[in-house]
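**Student:** The following comprises the amino acid sequence and a computationally predicted model.
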Amino acid sequence: MSGYLGSYATLGLLIVVGALVFVGAFSANRLLSPSAPNPAPDKYRNYECGLDPVGGDWAQAQIRYYLYAFLYVLFAVESVFLFPWAVIYDRPEFGASAVVEMGIFVAVLALGLLYAWRKRVLRWT
Amino acid sequence: MTIAQDALQLPHLNYGALAPMLILFGAAAVGVLIEAFVPRRSRYALQLVLGLGALVAALIVVITESGTRELTAGAAIALDGPALFLQGSLAALGIVALLLIAERTLEPGGPFVAAAAVTAGTEEDRTQAAREDAGTEVYPLLLFALGGMMLFVSANDLLTMFVALEVFSLPLYLMCGLARRRRLLSQESAMKYFLLGSFASAFFLFGIAMLYGFSGQISFAGIHSAIQTSTQSTTLLYIGLALVALGLLFKAAAAPFHVWIPDVYQGAPTPITAFMSACTKVAAFGALIRVLYVAFQGTDWDFRPVIGAIAVLTMLVGSILSVTQTDIKRLLAYSSIANAGYILVGVLGLSKDGLSSTLFYLVTYGFTVIAAFGVVTLVRDADGEATHLSRWAGLGRRSPLYAGLFTFLMLAFAGIPLTSGFTGKFAVFAAAIGGGQSWLVVFGVVSSMILAFPYLRVVVMMWLSEPGESTPTVSIPGALTSATLAIGGLATLVLGVVPAPLLDLTNHAAQFIR
């Protein structure tokens, strides 16, 4: 239980226990369940919290939702770097150069947004 | 806050030496602005001038900085001999590939689709294929890719290398899907490349995690010193090395990670295929030699047999499967796989000669392969390029000049003396023998003999068959393609006849810093 890999022993134990619980639950299920399940067609319907299911279970996601992903990546990446930068930019040895560098970084990200805007990607049609 | 005041230091940046990459990324950003704000009509000329200007400027800066040997940006980037040499090669090959990409006289509007988002095969798609000029997004994408490749070959730690890998991979995936004709095939190739490339990137990243687990460092110097001094189990080290090498060998098209190559090379627009086969190879091998020579120096007893086996497999798979090909683009794709094997042989010399011969081979192969794909863009009928080999029968009668050029390039691939292919192969095999790896050379020579057969079959077909009804015409190339063919053909000839200046240059450059 020492050394680099030894520190993973707890994690390995957790994985083993998890696998045992999983296998145990499914084996118990198999042992306890009737061998011939209810043949009624409703047995294979989708389960929607007790309501009557509406529509099939193969729904297509609208491609235009990619816009959310696009904007999320843009602004999440920006803030990931802006927060640590905000803590240190006013220290004496950083100063103007840090501000300029962050300006360039934000400008590059803004460039992507600008391009998307000009290509009419941001319009919800 | 508890951050130690003196723990944070701005890293020193040598802007002069970083300038080639900064120029390319800056020009790419300007290219995006041009796409966004300049009217459609004037974009093509502007983008072409901007792209060529940026690449020439980057090449000039690399040449003026050729004496630089230093680590910069907090030791994240190493600007040493191999890095600068490869950056210069990338800029030079990029210029030649850009000329091929920008050609618009062979096909009205150029080889790229006008709006890639239009569904293939619809009425709208037919209209745009017939009427509209090609989109110009490919130019900023090309500059981003080249900038990423330059960063890739000079990265001095694994994370910088990973970022650079993504920076040049993502534009490549997109560019593969931009063909004007056979769009479904092109989109399929882009999708395939994207999915397999993502897996390779994930393996690479996982390998970085393993190496960090072993050494507690991500810099190559740190990993190297951990290999020398660490007392803990080397399991993580070997898993990490295997996964990182897998990611790089995937990009370099080594067997058994080569399965994407034929489909992607066939489906992608031919100028993009030319660009990939030349520049991606330079970038991937540039990174591979840095990882093996800088970070893993001293473990060569462990990785040499494995990578040697991969090299043998790559050479054999590439050469044997290229015999059975009936499509010229697929044939060149398998030939590119076999060539990856030859370059690996040079890499495994694991000496100064190994390094310099690898650098030499990458440049000679790049120029030859771009010119070969340039000829492929010329052989066309009403449906676009006629790539099936049977259609090339009798081409020598129709167009002796281009058939002659292609014959010369095929002979260079086959490694006939007085071509750069011979000098390159000689250099890598000599380096491998010098490194005590004669068994690799035996396989190299055998596979070269196998590989000569498909090349010579094309030559025989072009010259000794009668032109049939279906033999397509050879289009008269525009100025840009002519320039590509001239540069590629001349480089193949000159580097075969007087290789000494470039060999001296690679010898001079072949010294990593750590």
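**Tutor:** Structure received.
**Student:** Name the surrounding residues that touch whichever helix or strand B:Val49 is part of.
**Tutor:** Using DSSP states H and E, B:Val49 maps to helix B:40-64. Here helix B:40-64 makes contact (Cβ atoms under 8 Å, 6 or more residues apart in numbering or on different chains) with B:16, B:19-21, B:23-24, B:26-28, B:30-31, B:34-35, B:38, B:84, B:87-88, B:91-92, B:94-95, B:98, B:102, B:104, B:110, B:133-134, B:136, B:139-140, B:142-143, B:146, B:150. Just so you know, the C-beta spots here come from the backbone N, C-alpha and C atoms, and that holds for glycine as well.
**Student:** so who does B:His227 touch?
**Tutor:** To be clear, residue B:227 is Ile; His isn't right here. B:Ile227 sits in contact with B:Ser215, B:Leu237, B:Ala295, B:Phe296, B:Gly298, B:Thr299, where contact means Cβ under 8 Å, 6+ apart.
**Student:** Grab the nearest non-local neighbour of the closest residue to chain B within chain A.
**Tutor:** When scored by Cβ to the nearest Cβ, chain A has A:Arg118 as its residue closest to chain B, at 3.8 Å. Spatial nearest neighbour of A:Arg118, excluding adjacent residues (Cβ to Cβ, 6 or more residues apart in numbering or on different chains): B:Ala36 at 3.8 Å.
**Student:** quick one, what contacts that neighbour?
**Tutor:** B:Ala36 touches A:Leu114, A:Tyr115, A:Trp117, A:Arg118, A:Lys119, counting by Cβ under 8 Å, 6+ apart.
**Student:** how much space between B:Met161 and B:Ile77?
**Tutor:** Noted for B:Met161: a distance of 10 Å to B:Ile77, by Cβ to Cβ, to the nearest Å.
**Student:** same thing with B:Val291?
**Tutor:** 15 Å.
**Student:** ditto for B:Ile370
**Tutor:** The value you get for B:Ile370 to B:Ile77, if Cβ to Cβ is used, is 27 Å.
**Student:** Give me the more crowded residue out of these two.
**Tutor:** B:Ile370 (27 against 24; other Cβ atoms under 10 Å in any protein chain shown).
**Student:** what sits against that one?
**Tutor:** Counting by Cβ under 8 Å, 6+ apart, B:Ile370 touches B:Leu93, B:Val96, B:Ala97, B:Leu100, B:Ala274, B:Phe275, B:Ser277, B:Ala278, B:Thr484, B:Gly488.
**Student:** give me that answer again for 6 Å
**Tutor:** B:Val96, B:Ala97, B:Ala274, B:Ala278, B:Gly488 (Cβ atoms under 6 Å, 6 or more residues apart in numbering or on different chains).
**Student:** Excluding chain neighbours, what is closest to it?
**Tutor:** Nearest non-adjacent residue to B:Ile370 (Cβ to Cβ, 6+ apart): B:Ala274, at 4.6 Å.
**Student:** Burial check on residue 101, number of neighbours?
**Tutor:** Just going to use chain A. A:Glu101, neighbours per other Cβ under 10 Å, totals 15.
**Student:** Please refer instead to chain B.
**Tutor:** Using other Cβ under 10 Å, B:Ile101 has 27 neighbouring residues.
**Student:** Hmm, B:Pro269 and it touching each other?
**Tutor:** No - the pair B:Ile101 / B:Pro269 is not scored as a contact, 8.2 Å apart, by Cβ atoms under 6 Å.
**Student:** residues in chain B within reach of chain A, list them.
**Tutor:** B:Ala29, B:Val32, B:Ala36, B:Gln232 (Cβ under 6 Å from any Cβ of the partner chain).
**Student:** In a markdown table, list these along with secondary structure and pLDDT.
**Tutor:** Below are the residues of chain B next to chain A laid out as a markdown table (DSSP: H, G, I helix; E, B strand; the rest coil; pLDDT from 0 to 100):
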| residue | secondary structure | pLDDT |
| --- | --- | --- |
| B:Ala29 | helix | 94 |
| B:Val32 | helix | 93 |
| B:Ala36 | helix | 89 |
| B:Gln232 | coil | 79 |
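**Student:** still on that earlier bit, tell me the confidence at the residue nearest to B:Ile370?
**Tutor:** Listed pLDDT for B:Ala274 reads 94.
**Student:** After the helix or strand that contains it, which helix or strand is next?
**Tutor:** If you go by DSSP H and E, B:Ala274 is part of helix B:270-275. For helix B:270-275, the following helix or strand on the C-terminal side (DSSP H and E) is helix B:281-290.
**Student:** Keeping just the C-alphas, turn that following helix into PDB.
**Tutor:** Extracted in PDB, the C-alpha atoms of helix B:281-290 (Å, rounded to 0.1, in the frame of the first residue of the first chain):
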ATOM      1  CA  LYS B 281       4.000  13.900 -42.800                       C
ATOM      2  CA  VAL B 282       6.600  16.500 -42.100                       C
ATOM      3  CA  ALA B 283       4.800  17.600 -38.900                       C
ATOM      4  CA  ALA B 284       4.100  14.100 -37.600                       C
ATOM      5  CA  PHE B 285       7.600  12.900 -38.100                       C
ATOM      6  CA  GLY B 286       9.100  16.100 -36.800                       C
ATOM      7  CA  ALA B 287       7.200  15.600 -33.600                       C
ATOM      8  CA  LEU B 288       8.000  11.900 -33.400                       C
ATOM      9  CA  ILE B 289      11.700  12.400 -33.700                       C
ATOM     10  CA  ARG B 290      11.600  15.100 -31.100                       C
END
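**Student:** Rounded mean pLDDT for that helix, please.
**Tutor:** 93.
**Student:** Just the buried positions in that helix, please.
**Tutor:** Within helix B:281-290, the residues scored as buried using 16 or more other Cβ atoms under 10 Å in any protein chain shown are B:Lys281, B:Val282, B:Ala283, B:Ala284, B:Phe285, B:Gly286, B:Ala287, B:Leu288, B:Ile289, B:Arg290.
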